[in-house]
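Participant: I need the structure of the sequence given here:
(one chain, ligands or ions: 1)
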Amino acid sequence: MSFDPDVFDYVILGGGSAGCVLAGRLSEDPSLRVLLLETGDRAERHPESLRADGYKDAFVNDELLHHRFSAPQPGCAGRPLFLGSGRGMGGSGSINAMVYLRGSEADFHAWDVPGWGWSDVVPAYEQLERVLDVRPREPTAFTEACIASAESVGFHRERDLDNGHLLGALGYEAMNYRGEQRRSAYVAFVQPHLDRINLVVRTGAHVHRLVLDDRRRVVAVEYEEGGARRTAKVRREAVLCAGALESPKLLMLSGVGPRDVLRAHGVEPAFDLPGVGENLHDHPNVQLFYYGKRAVDCNYPQLYGFHRALAGSDLPPDQADTCYVFYPARSSFREATMRMVPALTVPPALYRRTRLPQVVKAGVGMAFRPGFVRRAVERVYGLVVILGKPKSRGTVRLASADPRAQADIDPAYFADPQDMETMIAGVRLARGIADAEGLRPWGGPEVLPGRFVRSDRALAAFVRRMAMTTYHYAGTCRMGQVAGSVVDAQLRVRGVENLRVADASIIPEVPVSALNAPSMMIGWRAADLLRAAAG
Ligand SMILES: Cc1cc2nc3c(=O)[nH]c(=O)nc-3n(C[C@H](O)[C@H](O)[C@H](O)COP(=O)(O)OP(=O)(O)OC[C@H]3O[C@@H](n4cnc5c(N)ncnc54)[C@H](O)[C@@H]3O)c2cc1C
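Facilitator: Residues are numbered from 1 along each chain as shown. Presented below is the predicted three-dimensional model:
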């Protein structure tokens with residue numbers, strides 16, 4: 001039989017956190033040909049995405065981000081919100097803050113999917129962590145003062161934030177770094193194995209759609225590379241790993257999704273699956289800022305806390321509803337401002353078509369140059385309040401049959417009134433930490449929202465004006481047995497023979513903590529499921 005270089009046993013669409021783990025593991029078997037397609041660049045082209053302290057520089061590099069905006073959000077004063085995510089090998093895991101948190105036992109219980117409870121996912125996490133090699137950062141005087149303050153308002157110090165019990169817990173979270181190196185899924189699972197002849201990695205390869213035959217079997221993947229249209233043939237299975245904002249779009253472009261939406265955009269439906277793109281949710285956050293009495297002495301968001309801010313919500317009793325991050329401005333405030341000011345001030349239409357965002361970004365960068373500004377920033381710290389268990393649900397909908405066009409994304413932040421109540425309660429709890437004894441030697445005045453913003457009404461207005469994404473998009477190809485689920489417990493797409501989804505989109509309900517570890521765990525387990533299916 002002659003060798004066809006375009007035939008692969010497995011084709012993985014998206015080289016992010018989940019896709020890299022999956023590709024690395026599947027290609028351990030030399031008899032299997034694995035193709036990994038990634039629209040962005042090789043990570044080596046952007047060395048900041050490989051360095052632990054390069055995370056802030058990676059976040060401002062336009063090449064390393066997908067730039068998207070949400071639909072105007074009624075819950076956020078009508079603003080369209082910036083919804084970036086990572087682009088290039090390693091995906092969001094190559095630009096993120098390296099926070100490694102598994103989630104809590106209660107989070108996985110709420111998934112209610114057989115085989116995905118806490119005791120099922122922990123073995124995968126443990127194996128993943130042996131390869132990733134995660135660890136917390138060293139305590140500093142500032143972080144210890146934060147812990148002392150939080151303890152006095154009801155948090156308890158927890159040495160292991162990955163033990164499944166997060167309610168009231170506060171401590172140094174694990175981070176995926178080793179020395180100066182970021183340990184992304186790419187660094188740990190793909191980079192060391194680029195010499196495997198059965199693993200083909202194509203970057204700059206933008207997937208357009210999956211090709212299904214009459215029996216709804218994926219026979220090929222169409223993609224564009226260097227301006228040329230290419231096709232990869234699928235011998236066994238294709239796996240969507242493009243992230244929660246892109247995997248549902250690729251399904252819809254391939255004819256799998258809500259029939260009416262597909263037809264409205266001229267895509268011939270292959271299978272009517274109304275749940276595709278539903279159930280979008282994310283962790284919105286707001287930041288309180290303080291001008292401290294002296295320079296803060298840590299450089300990473302390395303201290304996380306979890307609590308139940310809203311009394312009387314219908315969450316299970318052991319479930320935290322909010323997450324608290326102690327943010328030293330010196331770590332990345334300049335870069336975060338360079339990223340966010342253009343996104344907040346340049347209208348989306350001009351953001352996409354002009355160089356105005358770059359001009360604004362450069363201007364913001366310059367404003368941070370003078371020494372007195374830098375010294376002031378060193379004293380600023382933030383308390384980030386993250387809505388950990390949002391009730392609101394939004395959508396990702398096809399906006400065009402053009403694979404390069406952004407989907408219509410409506411995260412529906414604060415559509416459920418309880419989310420705003422929880423957020424306001426969370427802001428009050430965070431203020432309690434900031435005002436407590438432990439932080440007094442450091443603490444200065446609250447700069448944002450400011451002492452006079454006190455009533456529920458004023459705090460709600462602050463949240464609506466300032467809320468932003470935590471980049472934890474989830475749920476748009478929901479796993480489960482309930483109506484609206486897109487994949488089953490083996491991650492198989494309903495109605496299609498040999499297609500799975502393995503990324504943050506399958507998460508039925510977002511864990512209270514963060515999403516990189518769960519996404520990598522999903523990639524890890526997808527490899528086990530594919531191997532088991534192959535026999
Ligand atoms: C700035 C930022 C900071 C974050 N900080 C943290 C943190 O500290 N800790 C944490 O736990 N989580 C964090 N997150 C979230 C976490 O990193 C993500 O939830 C997780 O990486 C999602 O993994 P994924 O595999 O689902 O998607 P991704 O890692 O986003 O991967 C999807 C990949 O698919 C590619 N792709 C998309 N469309 C196509 C196409 N058509 N063709 C080819 N390729 C395509 C993308 O370019 C990307 O590389 C952060 C995210 C961001 C953006």
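Participant: burial of Leu199, as a residue count?
Facilitator: Counted with other CB atoms under 10 Å, residues neighbouring Leu199 total 20. All C-beta spots, glycine's among them, are computed from the backbone N, C-alpha and C.
Participant: out of everything not next to it in sequence, what's closest to it?
Facilitator: Spatial nearest neighbour of Leu199, chain neighbours left out: Ser27 (3.8 Å); criterion: CB to CB, 6 or more residues apart in numbering.
Participant: who are the neighbours in contact with that neighbour?
Facilitator: Contacts here follow CB atoms under 8 Å, 6 or more residues apart in numbering; on that basis Ser27 touches 34, 193, 196, 198-199.
Participant: a strand runs through Tyr413, doesn't it?
Facilitator: No - counting by DSSP: H, G, I helix; E, B strand; the rest coil, Tyr413 is not found in a strand; it is coil.
Participant: In the chain, which residue sits nearest the ligand?
Facilitator: Gly16 (1.7 Å; CB to the nearest ligand atom).
Participant: Isn't that residue up against Gly91?
Facilitator: Yes - at 2.1 Å, Gly16 and Gly91 qualify as touching, with contact defined as CB atoms under 8 Å.
Participant: Looking at these two, which one has more neighbours?
Facilitator: For Gly16 versus Gly91, the count of surrounding residues by other CB under 10 Å is larger for Gly91: 35 against 32.
Participant: I figured the more buried one was touching Leu13, is that so?
Facilitator: No - the criterion here is CB under 8 Å, and Gly91 misses it with Leu13 at 11.7 Å.
Participant: what touches both of those two?
Facilitator: Residues within reach of Gly91 and of Leu13 at once, by CB under 8 Å, 6+ apart, are Gly19.
Participant: one step back: and the pLDDT at the residue of the chain closest to the ligand?
Facilitator: Note on Gly16: pLDDT of 99.
Participant: Repeat that for Met1.
Facilitator: So Met1 comes in at 65 (pLDDT).
Participant: any idea of the mean pLDDT for the helix or strand hosting Phe326?
Facilitator: Element membership of Phe326, judged by DSSP states H and E, is strand 322-328. Strand 322-328 carries an average pLDDT of 97.
Participant: Same question for stretch 515-531.
Facilitator: For stretch 515-531, mean pLDDT rounds to 98.
Participant: OK, contacts around the residue of the chain closest to the ligand?
Facilitator: Neighbouring residues of Gly16 by CB under 8 Å, 6+ apart: 38, 86, 90-93, 185, 241-243, 503, 519.
Participant: Out of those, which is nearest to Phe452?
Facilitator: Phe452 lies nearest to Ser92 out of these, by CB to CB, at 37.2 Å.
Participant: okay, the contacts of Ser27 in TSV with distance to Arg355, pLDDT and secondary structure next?
Facilitator: TSV is the format used below for those (distance: CB to CB, whole Å; pLDDT from 0 to 100; DSSP: H, G, I helix; E, B strand; the rest coil):
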residue	distance to Arg355	pLDDT	secondary structure
Val34	39	98	strand
His193	39	98	helix
Arg196	41	98	coil
Asn198	43	98	coil
Leu199	38	98	strand
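Participant: Could I have the buried ones of these as ChimeraX selection syntax?
Facilitator: The ChimeraX selection below is limited to those of those classed as buried (16 or more other CB atoms under 10 Å):
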select :34,196,198,199
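Participant: Pick out the residue closest to the middle of the protein.
Facilitator: His472 (3.6 Å; CA atoms, centre = their mean).
Participant: right, and that residue touches Ser513 too?
Facilitator: No - with contact defined as CB under 8 Å, His472 does not count as touching Ser513 (9.1 Å).
Participant: one step back: could you save the contacts of Ser27 as JSON lines and add columns showing distance to the ligand?
Facilitator: Listed next are these as JSON lines, based on distance: CB to the nearest ligand atom, whole Å:
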{"residue": "Val34", "distance to the ligand": "15"}
{"residue": "His193", "distance to the ligand": "18"}
{"residue": "Arg196", "distance to the ligand": "20"}
{"residue": "Asn198", "distance to the ligand": "20"}
{"residue": "Leu199", "distance to the ligand": "16"}
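Participant: Closest to Val325 out of the contacts of Ser27?
Facilitator: Nearest to Val325, judged by CB to CB, of the contacts of Ser27 is His193 at 33.7 Å.
Participant: tell me the contacts of that closest one?
Facilitator: 24, 27, 199.
Participant: at 6 Å what do you get?
Facilitator: Neighbour list for His193: 24, 199 [criterion: CB atoms under 6 Å, 6 or more residues apart in numbering].
Participant: coming back round to it: tabulate the contacts of Gly16 (JSON lines), appending distance to the ligand and secondary structure.
Facilitator: Output for the contacts of Gly16, formatted as JSON lines (distance: CB to the nearest ligand atom, whole Å; DSSP: H, G, I helix; E, B strand; the rest coil):
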{"residue": "Glu38", "distance to the ligand": "5", "secondary structure": "strand"}
{"residue": "Gly86", "distance to the ligand": "5", "secondary structure": "strand"}
{"residue": "Gly90", "distance to the ligand": "7", "secondary structure": "coil"}
{"residue": "Gly91", "distance to the ligand": "3", "secondary structure": "helix"}
{"residue": "Ser92", "distance to the ligand": "3", "secondary structure": "helix"}
{"residue": "Gly93", "distance to the ligand": "4", "secondary structure": "helix"}
{"residue": "Ala185", "distance to the ligand": "8", "secondary structure": "helix"}
{"residue": "Cys241", "distance to the ligand": "5", "secondary structure": "coil"}
{"residue": "Ala242", "distance to the ligand": "4", "secondary structure": "coil"}
{"residue": "Gly243", "distance to the ligand": "3", "secondary structure": "coil"}
{"residue": "Asp503", "distance to the ligand": "3", "secondary structure": "coil"}
{"residue": "Ser519", "distance to the ligand": "3", "secondary structure": "helix"}
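Participant: Of those residues, which count as buried by neighbour count?
Facilitator: Among the contacts of Gly16, those classed as buried by 16+ other CB under 10 Å are 38, 86, 90-93, 185, 241-243, 503, 519.
Participant: Surely Pro348 and Phe69 touch.
Facilitator: Yes - between Pro348 and Phe69 there is a contact under CB atoms under 6 Å: 4.3 Å.
Participant: mind listing what Ala77 touches?
Facilitator: Ala77 neighbours (CB under 6 Å, 6+ apart): 464-465.
Participant: What pLDDT is listed against it?
Facilitator: Listed pLDDT for Ala77 reads 98.
Participant: Give me the phi and psi for it.
Facilitator: Dihedral pair for Ala77: phi 60, psi 30, per degrees, to the nearest 10.
Participant: And for Trp524?
Facilitator: According to degrees, to the nearest 10, Trp524 has phi -60, psi -50.
Participant: picking up where we left off before, between Pro348 and Phe69, which one's more packed in?
Facilitator: Comparing Pro348 with Phe69 by other CB under 10 Å, the one with more neighbours is Phe69, at 19 against 16.
Participant: Contact partners for that one?
Facilitator: 80, 348.
Participant: what about it, distance to Arg79?
Facilitator: 9 Å (CB to CB, to the nearest Å).
Participant: which bits of the stretch 151-300 of the chain sit near the ligand?
Facilitator: Residues of the stretch 151-300 of the chain lying close to the ligand (CB under 6 Å from any ligand atom) are 206-207, 241-244, 246, 250.
Participant: which is the next helix or strand following the strand holding Phe326?
Facilitator: Next helix or strand after strand 322-328 toward the C-terminus (DSSP H and E): helix 329-345.
Participant: Can I get that following helix as PDB, trimmed to CA atoms?
Facilitator: C-alpha atoms of helix 329-345 as PDB (Å, rounded to 0.1, in the frame of the first residue of the first chain):
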ATOM      1  CA  ALA A 329       0.200  45.800  40.300                       C
ATOM      2  CA  ARG A 330       3.900  45.600  39.800                       C
ATOM      3  CA  SER A 331       3.500  42.200  38.300                       C
ATOM      4  CA  SER A 332       1.600  43.100  35.100                       C
ATOM      5  CA  PHE A 333      -0.500  46.300  35.600                       C
ATOM      6  CA  ARG A 334       1.400  48.100  32.800                       C
ATOM      7  CA  GLU A 335       0.800  45.300  30.300                       C
ATOM      8  CA  ALA A 336      -2.700  44.600  31.400                       C
ATOM      9  CA  THR A 337      -3.500  48.300  30.900                       C
ATOM     10  CA  MET A 338      -1.800  48.300  27.500                       C
ATOM     11  CA  ARG A 339      -4.000  45.400  26.500                       C
ATOM     12  CA  MET A 340      -7.300  46.600  28.100                       C
ATOM     13  CA  VAL A 341      -7.300  50.400  27.400                       C
ATOM     14  CA  PRO A 342      -7.400  50.000  23.600                       C
ATOM     15  CA  ALA A 343     -10.100  47.300  24.000                       C
ATOM     16  CA  LEU A 344     -12.100  49.500  26.200                       C
ATOM     17  CA  THR A 345     -11.700  52.800  24.300                       C
END
